[in-house]
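Student: any chance you could fold what I've pasted below:
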Amino acid sequence: MAEVVSVNISGQKGTIKREVPEIQLKLRHGILGDAHAGDWHRQISLLAEESVDKMRSLLPELQPGAFAENINTRGLDLKSLPIGTRLRLGKTVVEITQIGKQCHNDCEIKKATGTCVMPTEGVFAVVVREGHVRKGDPIEILEEDRHEADPH
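Tutor: Reported below is the predicted structural model:
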């Protein structure tokens with residue numbers, strides 16, 4: 001079963017996010033208290049723990065949030081999901097809007113290792129159903145015909 005392995009936020013863009021006990025997802029906003037929140041297509045970033053594990057072979061001390069990701073997952077190949085896929089994270093729902101991103105500056109990880117997984121394996125999403133997400137919450141891919149209506 002796929003699950004959330006950490007939730008992470010930062011108050012400033014361009015900084016490593018710190019792990020927190022829970023995050024609150026808000027419709028048309030993203031994560032309360034996170035610098036990347038706002039009414040745009042990259043409200044939340046997700047990165048598979050399996051992707052982080054590949055980088056840990058080069059930098060064993062990598063912590064959750066090191067790639068500025070909001071949610072780390074395990075048991076789901078995020079980068080292979082098509083745009084528009086909806087994921088239930090605990091009781092919340094997010095919709096994938098972008099796979100990967102262009103990095104404008106080399107991060108400390110890329111400077112140290114020569115590579116980074118976030119530009120090719122990171123996933124971005126918007127909030128479809130509000131609520132809280134915590135470490136250990138189950139993740140479920142929602143089938144297209146089961147998309148849930150926006151409750152607002």
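
Student: next helix or strand past the helix or strand bottoming out on mean pLDDT in the chain?
Tutor: Of all helical and strand segments in the chain, the minimum by mean pLDDT, DSSP states H and E falls on helix 108-113, at a mean of 64. As assigned by DSSP states H and E, the chain's next helix or strand after helix 108-113 is helix 118-121.

Student: show me what the next helix or strand after that next one is packed up against.
Tutor: Of the helices and strands lying after helix 118-121 in sequence (DSSP H and E), the nearest is strand 123-129. Packing partners of strand 123-129 (3 or more CB pairs under 8 Å, 6 or more residues apart in numbering; DSSP states H and E): strand 22-26, strand 44-48, strand 92-99. Backbone N, C-alpha and C define where each C-beta goes, glycine included.

Student: buried residues, the longest one. List them.
Tutor: Burial within strand 92-99, assessed by neighbour count using 16 or more other CB atoms under 10 Å, is assigned to 92-97, 99.

Student: show me what contacts the spatially most central residue of the chain?
Tutor: The centre of the chain sits closest to residue 46, judged by CA atoms, centre = their mean, with a distance of 1.6 Å. Contacts here follow CB atoms under 8 Å, 6 or more residues apart in numbering; on that basis residue 46 touches 69-73, 78, 94, 122-125.

Student: distance of it from residue 3?
Tutor: 12 Å (CB to CB, to the nearest Å).

Student: got it, and residue 128?
Tutor: 19 Å.

Student: ditto for residue 23
Tutor: Taken as CB to CB, the span from residue 23 to residue 3 is 15 Å.
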